[in-house]
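**Student:** no FASTA, just this:
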Ligand SMILES: [Zn+2]
């Protein structure tokens, strides 16, 4: 589960997607449409062949076609196999649950008709250049052999700057791009890969504890030297949960009426919505952390939790309700991009321990209650309390600090921020622009 370990250390790579729109100057839009239809057929075929046990090379040969660039074909097959692999690992994870209760992952469908993103490798299926005179990013897409669609890209100014950097610098790699279409507009999502120097957790000055549960994400930043609280933030996504609940109800109703097509559509929407929420939350975690000097972002290690009998069903439910693993991955990914290290600590009673005296207390809804008469803390925001404990466990890990105890009795006021559920994302939007829309409103 410690995904970020792959990224840590010197010269690690991370990939990012830059979202742009096509401004087409020449070539036929219908070529792009045809190529997306062909992509769907290749995707379906790939999954079917994979299910029959074909390997990549055999699949490449089977799905070959005249109306499609060979290089694009390889890219689409690669994308389909990637989808297949993530289904496999999700299924493995699900089957290893103590009490798998519904929500069994289903294999990628092979009977969908319509379109699929056209996946292309840079300098093969598509090419980007920066126009010296206009500073525009020009594109050339080859949707089929001997056919080219040309023009320039539009996007958020910051995103376009990043893209120009990537095209002109040899330190940043322009990778695959995906061509998508929504509401009359063609979008090009371009991946760029860069090397990062993510410091080791041990070099950090600020420990940011992250507690996640079914209502919110609580963050506390502690100074490693003094163990004073530098900042604390609770991100409430309760409304988002209601929205998911609503989707679920509609989906169930549709299933009852056998309207599988609507069901599928809603399923896709929900997935996109959840992804959007995770992006917003993970972005907020990283932005919170980077305001402090040399932060390390600390998560509870959820892998051991399933063996922890005392947590039992409560924690299992936590794991089920939230795509926790995905959230972690999103955070680690954004953190790598900002060269912020991550670490994990044992998830041992973090939500039931008083962050002031270290005694076991009790949790009542949103409040944590300390039952130690000697302790000055009577009650605290329960999730913040847990996030303080997570940060404390990190000093234990880094410095062997077992001092008894702990943070200072007066914690700063919890700043509560609500993620509202207006996330019916009808078009792909960059996370930067979402941030600018101020989706995070003060509660
Ligand atoms: Zn206490």
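**Tutor:** Thanks, I have it. In this text, all values refer to a predicted model and were calculated from it rather than measured experimentally. Numbers count the residues shown, from 1 in each chain.
**Student:** what is the rounded mean pLDDT of stretch 13-22?
**Tutor:** For stretch 13-22, mean pLDDT is 90.
**Student:** Mind listing what's buried along it?
**Tutor:** 14, 16-22 (16 or more other Cβ atoms under 10 Å). Using the backbone N, CA and C atoms, a C-beta is placed for each residue, glycine as well.
**Student:** Residues in contact with it: which ones?
**Tutor:** For stretch 13-22, the surrounding residues in contact (Cβ atoms under 8 Å, 6 or more residues apart in numbering) are 7, 137, 139, 149, 151, 153-155, 159-160, 162-163, 166, 175, 179, 185-196, 333, 336-337, 428-430.
**Student:** Got a PyMOL select line for the buried ones in those residues?
**Tutor:** Typed into PyMOL, the next command selects the buried ones out of those (criterion: 16+ other Cβ under 10 Å):
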select buried, resi 7+137+139+149+151+153+154+155+159+160+162+163+166+179+186+187+188+189+190+191+192+194+196+333+336+337+428+430
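**Student:** In helices, which of the buried residues of stretch 13-22 fall?
**Tutor:** In helices, judged by DSSP state H, none of the buried residues of stretch 13-22 are found.
**Student:** nearest to the ion, of these?
**Tutor:** Among those, residue 14 lies closest to the ion (Cβ to the ion), at 40.2 Å.
**Student:** Next one: that closest one from residue 362, what distance?
**Tutor:** With distances taken as Cβ to Cβ, to the nearest Å, residue 14 is found 41 Å from residue 362.
**Student:** next one: residue 297
**Tutor:** In terms of Cβ to Cβ, residue 297 sits 28 Å off from residue 362.
**Student:** show me where the stretch 251-400 of the chain has helices.
**Tutor:** Taking DSSP state H, counting those that start in this stretch to define them, one finds helices in the stretch 251-400 of the chain at 260-290, 312-321, 324-337, 382-399.
**Student:** comparing those helices, which gets the lowest mean pLDDT score?
**Tutor:** Looking at the helices of the stretch 251-400 of the chain, the weakest mean confidence is helix 312-321, a mean of 45.
**Student:** In the stretch 51-200 of the chain, where is pLDDT below threshold?
**Tutor:** 97-103 (pLDDT under 70).
**Student:** Tell me who's in contact with the residue nearest the centre of the chain.
**Tutor:** Nearest to the mean C-alpha position of the chain, counting by Cα atoms, centre = their mean, stands residue 330 at 3.1 Å. The contact partners of residue 330, by Cβ under 8 Å, 6+ apart, come to 278-279, 281-282.
**Student:** can you pick the most crowded of those residues?
**Tutor:** residue 282 (23 neighbours; other Cβ atoms under 10 Å).
**Student:** Name all residues that make contact with that residue.
**Tutor:** Taking Cβ under 8 Å, 6+ apart, we find residue 282 in contact with 327, 330-331, 333-334.
**Student:** rerun that using 7 Å as the cut-off
**Tutor:** Applying Cβ atoms under 7 Å, 6 or more residues apart in numbering to residue 282 gives the contacts 327, 330-331, 334.
**Student:** burial of residue 301, as a residue count?
**Tutor:** Residue neighbour count, defined by other Cβ under 10 Å, stands at 16 for residue 301.
**Student:** That one contacts residue 348, correct?
**Tutor:** No: with contact defined as Cβ atoms under 7 Å, residue 301 does not reach residue 348; the gap is 9.6 Å.
**Student:** before we move on, back to that, quick one: which of the contacts of residue 282 has the most company?
**Tutor:** residue 331 (27 neighbours).
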